[in-house]
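Chemist: no sequence on this one, just coordinates:
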């Protein structure tokens, strides 16, 4: 009885162990946009059936020109396949990323193949993700530092008016003219965003702000002077009145 139970347990565990021990003969990196469709493309001919394994779990079986057979409830309504048995994952999530191991079965044993797909998730970028910061050094010639930032560890840079790429988040500009425009860009494997900056306009905004600050300070100084003068005159008048009394 004990021997029979052990045999049943081994039979139950064997498929999972076989799947876990599959060794990749080729590996492909796949960049996936979160919430969108991702295709794990099969580029081999003579394949009759493919078992798709993720994190040791058999999630689906696909065959050429047949509907995909899902094996995991996590993917029940989100899987499809192409006529060549490539796997389609709809509305892909962070939980779906990882290494997909495919056990491909061919018409003959020589056609069998183990292919792996390393799926990495990325968010699709938007223009509003970019933030522009600037600091004017000299107003007369409009020398300034302009920096561009975005959340996350992404490649970021600038394109100058001649469309040359500057691989830096911050650029130093000197003797800015009214006709020059610079473009900040950021990208990941699934998207790219950009934002156009007119440095002259930024310089003029700073110049106006600087003049407003100077005007406010001047008004405060003048007002303080008048208050001091008024208090002085009032104190002097009281002193004269006290002397006459």
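Modeler: On my side now, so go ahead. It should be emphasised that the depicted structure is a prediction, and the values quoted were computed from it without experimental measurement.
Chemist: For this protein, which segments count as helices?
Modeler: Using DSSP state H, the helices of the chain run over 2-20, 199-244.
Chemist: which residues does residue 88 bridge with?
Modeler: Residue 88 has these beta-bridge partners by DSSP bridges: residue 39, residue 80.
Chemist: what about it, distance to residue 70?
Modeler: For residue 88, the distance to residue 70 (CB to CB, to the nearest Å) stands at 12 Å. Just so you know, the C-beta spots here come from the backbone N, C-alpha and C atoms, and that holds for glycine as well.
Chemist: same check, this time on residue 169
Modeler: Going from residue 169 to residue 70 by CB to CB gives 44 Å.
Chemist: quick revisit: any common contacting residues for residue 88 and residue 70?
Modeler: Listed as contacting both residue 88 and residue 70 by CB atoms under 8 Å, 6 or more residues apart in numbering are residue 79.
Chemist: Kindly give the local confidence score, pLDDT, for residue 65.
Modeler: Residue 65 is assigned a pLDDT of 95 by the prediction.
Chemist: How about the backbone phi and psi for it?
Modeler: When read as degrees, to the nearest 10, the backbone of residue 65 gives phi 60, psi 30.
Chemist: neighbours of it, just the number please.
Modeler: The number of residues packed near residue 65 is 9, by other CB atoms under 10 Å.
Chemist: got it, and the one 10 residues further on?
Modeler: Taking other CB under 10 Å as the neighbour definition, residue 75 ends up with a count of 20.
Chemist: hang on, isn't it packed against residue 58?
Modeler: No: contact between residue 75 and residue 58 fails when scored by CB atoms under 8 Å: they sit 10.9 Å apart.
Chemist: Overlap in contacts, these two.
Modeler: Contact with both residue 75 and residue 58 is made by no residue, according to CB under 8 Å, 6+ apart.
Chemist: ok now do the nearest residue to residue 100 once chain neighbours are set aside, which residues does it touch?
Modeler: Computed as CB to CB, 6 or more residues apart in numbering, the closest residue to residue 100 that is not its neighbour in sequence is residue 117, at 4.3 Å. Listed by CB under 8 Å, 6+ apart, the contact partners of residue 117 are 27-30, 40, 99-100, 102.
Chemist: try it again with 7 Å
Modeler: Counting by CB atoms under 7 Å, 6 or more residues apart in numbering, residue 117 touches 28, 30, 40, 100.
Chemist: and it, bridged to which residues?
Modeler: Under the criterion used here (DSSP bridges), residue 117 is bridged to residue 28, residue 100.
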